[in-house]
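Colleague: from the sequence below, what's the structure:
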Amino acid sequence: MAQDSSRPEFWDTRFRDGVTPWDAGGVPPALKNWIGRRRGRLRVLIPGAGTGYEVRLFAEHGHDVLAIDFSDAAIEAAKRELGSLSGRVRKADFFGLQDGPFDVVYERAFLCALPRTLWSGWARRMAELVSPSGVLAGFFYLDDNPRGPPFGVSQEGLNDLLGKAFDLTESQVLPPEQSLPVFQGKEIWQVWTRQL
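Modeller: Numbers count the residues shown, from 1 in each chain. Sure thing, here's the model as predicted:
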């Protein structure tokens, strides 16, 4: 099995072998609640979309959503899952994406899938892709285990990565029953608002 999570082959192997412990099989309640409070039509990006369950939720609320992944197997899984909404999923590399800016970038198991050597580049791209007053919203995996994926981050680490371009405007620890076993007790919902 491929071992470098910065390579599409790593994810292709896991999707094709059914080794996807990060796949929730649906949309987290915290996201449903947050989307229900949003007004207006938003332009949304979901990087590392995997099976893409959240695409349907954003689309059903009238938002213009684009989901990307660089794994062919993940794209295939998302297209199967989304059916008529499969056109909202595209093969692309987050670090080279030319679209943007977006009102919302949704995070779930994307940052923790990336080797830590890519995190400063991830933060720079987020600052470029999120429009001023837009948000990076989603779930972050707080853990100090040096191995991964998933690669955990501390709250201080997130502050260091995002604090120059974003303000933390919402934070909520998830009840254990709302997390997958692989993330249980270490997952937090946060909203980071892009500074003007």
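Colleague: mind checking the SS state of L136?
Modeller: Secondary structure for L136, judged by DSSP: H, G, I helix; E, B strand; the rest coil, is strand.
Colleague: burial count for it?
Modeller: 26 (other C-beta atoms under 10 Å). The C-beta positions use only the backbone N, C-alpha and C, and glycine is treated the same way.
Colleague: what is the mean pLDDT for stretch 152-169?
Modeller: When pLDDT is averaged along stretch 152-169, the result is 96.
Colleague: nope, stretch 53-73 is what I meant
Modeller: The model assigns stretch 53-73 a mean pLDDT of 95.
Colleague: what residue ranges in the protein score low on pLDDT?
Modeller: In the predicted model, the chain carries pLDDT under 70 at residues 1-2, 21.
Colleague: so what sits opposite the closest residue to A49 other than its chain neighbours in the bridge?
Modeller: Among residues not flanking A49 along the chain, A67 sits closest, at 3.5 Å (C-beta to C-beta, 6 or more residues apart in numbering). Beta-bridge partners for A67, by DSSP bridges, are I46, V89.
Colleague: tell me how far A67 lies from E128.
Modeller: From A67 over to E128 the distance is 18 Å, taken as C-beta to C-beta, to the nearest Å.
Colleague: equivalent analysis for W11, please.
Modeller: In terms of C-beta to C-beta, W11 sits 23 Å off from E128.
Colleague: just L111 next, same as before
Modeller: 16 Å.
Colleague: more neighbours: the two, which one.
Modeller: The residue with more neighbours, out of L111 and E128, is L111; 26 against 12, by other C-beta under 10 Å.
Colleague: so for this protein, which residue is the most central one in space?
Modeller: E107 (2.5 Å; C-alpha atoms, centre = their mean).
Colleague: just to be sure, it is in a helix?
Modeller: No: counting by three-state DSSP, E107 is not part of a helix but strand.
Colleague: all numbers from here: first residue = 312
Modeller: That works, and once the first residue is 312, the last one we named lands at E418.
Colleague: pretty sure it sits against V446.
Modeller: No: the criterion here is C-beta atoms under 8 Å, and E418 misses it with V446 at 10.2 Å.
Colleague: ok, back up a step: and the residue nearest to the centre of the chain, bridged to which residues?
Modeller: G449.
Colleague: can I take it that W333 is in a helix?
Modeller: No: under three-state DSSP, W333 sits outside any helix and is assigned coil.
Colleague: the closest residue to it other than its chain neighbours: how many residues sit nearby?
Modeller: Nearest non-adjacent residue to W333, counting by C-beta to C-beta, 6+ apart: A420, 4.4 Å away. Number of residues near A420 (other C-beta under 10 Å) recorded here: 23.
Colleague: so who does A420 touch?
Modeller: W333, G359, G361, F450, Y452, P461, F494 (C-beta atoms under 8 Å, 6 or more residues apart in numbering).
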